[in-house]
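Chemist: Below is the sequence, then the predicted model.
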Amino acid sequence: MTVPAARKKRVVLLGATGSIGENTLRVLAAHRDKLELVGIAAHSRWEKLAAIARRFDVRHVGLFDEAAHTAARANLAAFPAGTHLVGGLSGLVELAQLPAADTVLVAVVGTTGLAPALAALAAGKDLALASKEILVLAGKFVLAAAKKSGANILPVDSEHNAVFQCLEGHPHAGVRRIVLTASGGAFRDWPAERLAHVTPADALKHPNWSMGPKITVDSATLANKGLELIEAQCLFGLRPEQCTAVLHPQSIVHAFVEFTDGAMLAQLCPPSMTFPIQHALLHPVRAPGVDSALDFTKLLSLEFRPIDESRFPLLRLARESMAAAGVAPAIFNAANEVAVAAFLASEIPFLAIPRVVEHVLATIPNFEPADLPSVLATDTESRRLARLKILDPQS
């Protein structure tokens, strides 16, 4: 969607109270002359959502959780006068199709954002995508929806946004491979024998980024990087062997693109999500950033290491799922989501997460889905089998 230069780009933000949402609000506040927030939604934190609505004078508001929606409706005076409050998944879909919107930023955790993302694309809205699970679950259907309506998919994930920037102006045929960087998470430098005693509190101490619980655990297991590789293959039309990753403890280089002549381009910026969010929302316009840029007058060291997949088995499983294609990536994603939730609830140890995922991948036959319902059915079955494995580890 092309927005006339004379008017502001109007944004709907789904996931306004999470870490991506908070950084998006910083970008929006810094560029009120270029961006206007017209719709917001959250899972359950209605009081925080009301404060955001008042701050940005937003009249279209949604809450996914039924109890939170009921509480917000009982306290409608906390929102701006004339607020239209919607609830549940249907409410998110309604916001994603808001006639006033140009761009819908989907930053909800897990696969909840799939229906709103498809609705936004069907309505011709540009999709700023921060929820990587959406493309992993149903990439071909999301791309088909974008192609049909002519809407753009603008990657918000720092690594995919970096690849997007490096590829601009370069023919697809000239790309040899892309290399995503991984911080290595909280346990990058821990001895392997300590991993058996990891607690949820340990896993949530990310060395570089401030993120939600699920993605922080995924960073520690490198499942996050596996999901990103699957998403990158889909987003940029690459073959599995063209997508790889490397450990980069500083999280300053976010991706490399290697071309057929051997030359490489890299995108660098500090580890703050305001950089990719701003690029996606203002694209193709560049403007002063919210956070400070890199300072090369100070000592700066960049380190890169190969990834040991025996230490990070979820990255291996993700790569195998990517190569298998079909519904394998969806199975990987669903099983991992359930296993991470169980770990955070102290139901299983940290090292059981990959065992649950590998069990589910080995149990469900892979196939090429003909339609979205078959993918969603596989997602549901994967979650069921993952829970059974958690409840009965010997099964």
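Modeler: Yep, that arrived.
Chemist: helices and strands of the protein: which one bottoms out on pLDDT?
Modeler: Sorting the helices and strands of the chain by mean pLDDT, DSSP states H and E puts helix 200-203 at the bottom, at a mean of 86.
Chemist: I'd guessed A71 sits against W46; true?
Modeler: Yes - using Cβ atoms under 8 Å, A71 makes contact with W46 at a distance of 5.7 Å. For glycine as for every other residue, the C-beta is placed from the backbone atoms N, C-alpha and C.
Chemist: Have a look at these two and say which one is more surrounded.
Modeler: For A71 versus W46, the count of surrounding residues by other Cβ atoms under 10 Å is larger for W46: 26 against 15.
Chemist: how near is the more buried one to A144?
Modeler: Distance of W46 to A144, given as Cβ to Cβ, to the nearest Å: 35 Å.
Chemist: again, but for H60
Modeler: Taking Cβ to Cβ, one finds H60 at 27 Å from A144.
Chemist: So for those two, which sits in the more crowded spot?
Modeler: H60 (21 against 14).
Chemist: give me phi/psi at that one?
Modeler: Per-residue torsions, H60: phi -110, psi 110 (degrees, to the nearest 10).
Chemist: Go ahead and confirm it touches V38.
Modeler: Yes - between H60 and V38 there is a contact at 6.3 Å, judged by Cβ under 8 Å.
Chemist: Find residues that contact each of these two.
Modeler: With contacts defined as Cβ atoms under 8 Å, 6 or more residues apart in numbering, the residues shared by H60 and V38 are V12, L98, A100.
Chemist: which residues are contacting stretch 131-142?
Modeler: 15, 106-111, 113-114, 117-118, 121, 129, 153, 157, 160, 224, 227-228, 230-231, 234-235, 329-330, 332-334, 337, 372, 375, 379.
Chemist: Show me which of the residues you listed are buried.
Modeler: Buried by 16 or more other Cβ atoms under 10 Å: 15, 106-109, 111, 113-114, 117-118, 121, 129, 153, 157, 160, 224, 227-228, 230-231, 234-235, 329-330, 332-334, 337, 372, 375, 379, out of the contacts of stretch 131-142.
Chemist: Just those: which are in helices?
Modeler: Members of the buried ones among the contacts of stretch 131-142 lying in helices (criterion: DSSP state H): 114, 117-118, 121, 160, 224, 227-228, 230-231, 234-235, 329-330, 332-334, 337, 372, 375, 379.
Chemist: Burial check on G82, number of neighbours?
Modeler: G82 has 6 nearby residues by other Cβ under 10 Å.
Chemist: now do N75
Modeler: Neighbour number of N75 under other Cβ under 10 Å is 12.
Chemist: List phi and psi for it.
Modeler: Main-chain dihedrals, N75, degrees, to the nearest 10: phi -120, psi 40.
Chemist: Quick check: it vs A16, distance?
Modeler: N75 is 17 Å from A16, by Cβ to Cβ.
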